[in-house]
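In: task: produce atomic coordinates for the following.
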Amino acid sequence: MKTKKEFGFYLMVLVIISETISPFILGYFYPHFNQLNMLMSDFGENGKPTRIAFKIWQIIDGSIYIISAFAFYQCFKSTSKGLAKLLSASIVLYALGDCIITGIADRVKNSSSIIGKIHSDASALSLLAIWIGVIVLILLYKKENNDRFANILKAIFIFATFILIIYSKHKIPILREFRFPLRGLTQKLCLYSLFLPFLLVSLDKLQIVNFNSKKVVN
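Out: Reported below is the predicted structural model:
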C-alpha cells in the first residue's frame with residue numbers, strides 16, 4: 001500500500017506541474033495569445049490551432065487527478081475516514097469539472113447556450129470543490145496536531161480565496177461593476193494557489209520536503 005500511495009503522490013506532483021506549464025507551452029502554438037487577459041479554455045475554442053492538443057491534455061490531466069485522489073484517501077483515512085472521503089471527492093470533482101468536462105465540452109462565446117452553460121457551471125463547481133478540499137486538508141492536519149503545516153495551509157487558503165473572489169467577480173452581483181481585465185492572470189493565480197496545498201502535501205508525504213507532519217501508519 002505504501003508504494004501505491006507514493007505513486008499517487010508522484011502523480012499529483014506531475015499533474016500540477018503539467019497544469020502549470022500547459023498554458024505556456026500551448027501559448028507558443030497560439031499566435032497572439034495573451035497570457036494576462038485570455039483564459040486557458042480559449043485554447044480549446046473551435047478553429048484554434050491548439051484545440052485538439054488542449055482537449056487531450058485536459059482529459060489526461062483529469063484522469064491523473066482522479067488516480068492520485070486514491071493516495072490522499074489512503075493517507076488520511078486513519079485520521080478521519082469522513083474527511084478523507086471528502087478530500088478525495090473534492091479532487092475527483094475538480095478533475096471532472098475543470099479538466100475532463102472542459103476537454104469534452106467546447107468553450108463557446110455564447111455562455112447561455114447548453115454547451116456554454118455546461119462548461120461554465122462545471123468550471124465553477126470544480127473550483128468550489130477544490131476550495132473545499134483545501135479546507136479539509138487544514139482540518140486533517142489540525143487533527144494530526146501539525147499546527148505548523150496547518151497554519152501554512154491557512155495562509156495559502158486566505159490568498160487563494162482572495163484571488164478566487166477577484167476571478168469570480170463576474171458571477172458576484174456586488175462586484176460585477178468593478179473592472180479588472182487581467183482574467184488570464186487571476187485564473188492562473190487562482191488555480192496555482194488552490195493546488196499549492198496539494199503539491200506541498202505530496203512533497204511532504206514523499207519526504208522531499210519536511211513540514212514535521214505527524215506520520216500516520218495505515
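
In: list the residues that contact the nearest residue to residue 130 once chain neighbours are set aside.
Out: Excluding the flanking residues, the one nearest residue 130 by C-beta to C-beta, 6 or more residues apart in numbering is residue 94, at 4.2 Å. All C-beta atoms are positioned from the backbone trio N, CA, C, and that covers glycine. Counting by C-beta atoms under 8 Å, 6 or more residues apart in numbering, residue 94 touches 65, 126, 127, 129, 130, 133.

In: 7 Å instead?
Out: 65, 126, 129, 130 (C-beta atoms under 7 Å, 6 or more residues apart in numbering).

In: buried stuff in stretch 124-132?
Out: 126, 127, 128, 129, 130, 131, 132 (16 or more other C-beta atoms under 10 Å).

In: which pLDDT value goes with the third one?
Out: The pLDDT attached to residue 128 in the predicted structure is 92.

In: can you tell me how far it is from residue 121?
Out: 11 Å (C-beta to C-beta, to the nearest Å).

In: which other helices and strands contact the longest helix seen in the chain?
Out: Counting by DSSP state H, the longest helix found in the chain is helix 114-143. Counting contacts by 3 or more C-beta pairs under 7 Å, 6 or more residues apart in numbering; DSSP states H and E, helix 114-143 packs against helix 81-94, helix 101-104, helix 147-167, helix 183-205.

In: and the angle from the last one to helix 147-167?
Out: Read that as helix 183-205. 160 degrees (axes from the mean of the first three to the mean of the last three C-alpha atoms, to 10 degrees).

In: which of the helices and strands packed on helix 114-143 sits closest to residue 44?
Out: With respect to residue 44, and counting by C-beta to C-beta, the nearest of those is helix 101-104 at 6.9 Å.

In: so how far is that closest one off the chain centroid?
Out: Distance, stretch centre to chain centre, for helix 101-104: 15 Å (C-alpha atoms, centre = their mean, to the nearest Å).

In: average pLDDT for it?
Out: 84.

In: with stretch 43-56 instead?
Out: For stretch 43-56, the mean pLDDT works out to 90.

In: any buried residues in it, and which?
Out: Result for stretch 43-56 [16+ other C-beta under 10 Å]: buried residues 43, 44, 45, 48, 50, 51, 53, 54, 55.

In: equivalent analysis for stretch 54-66, please.
Out: 54, 55, 57, 58, 59, 61, 62, 63, 64, 65, 66.

In: need the contact partners of it.
Out: Residues outside stretch 54-66 that contact it (C-beta under 7 Å, 6+ apart): 11, 14-15, 18-19, 22, 26, 43-44, 91-92, 94-96, 99-100, 102-103.

In: and if you look at stretch 199-213?
Out: With C-beta under 7 Å, 6+ apart as the criterion, stretch 199-213 contacts 6, 9-10, 12-13, 16, 75, 137, 141, 144, 146, 148-149, 152.

In: tabulate these (JSON lines), appending distance to residue 187.
Out: JSON lines is the format used below for the contacts of stretch 199-213 (distance: C-beta to C-beta, whole Å):
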{"residue": "6", "distance to residue 187": "31"}
{"residue": "9", "distance to residue 187": "26"}
{"residue": "10", "distance to residue 187": "26"}
{"residue": "12", "distance to residue 187": "20"}
{"residue": "13", "distance to residue 187": "21"}
{"residue": "16", "distance to residue 187": "15"}
{"residue": "75", "distance to residue 187": "29"}
{"residue": "137", "distance to residue 187": "22"}
{"residue": "141", "distance to residue 187": "27"}
{"residue": "144", "distance to residue 187": "32"}
{"residue": "146", "distance to residue 187": "31"}
{"residue": "148", "distance to residue 187": "30"}
{"residue": "149", "distance to residue 187": "27"}
{"residue": "152", "distance to residue 187": "24"}
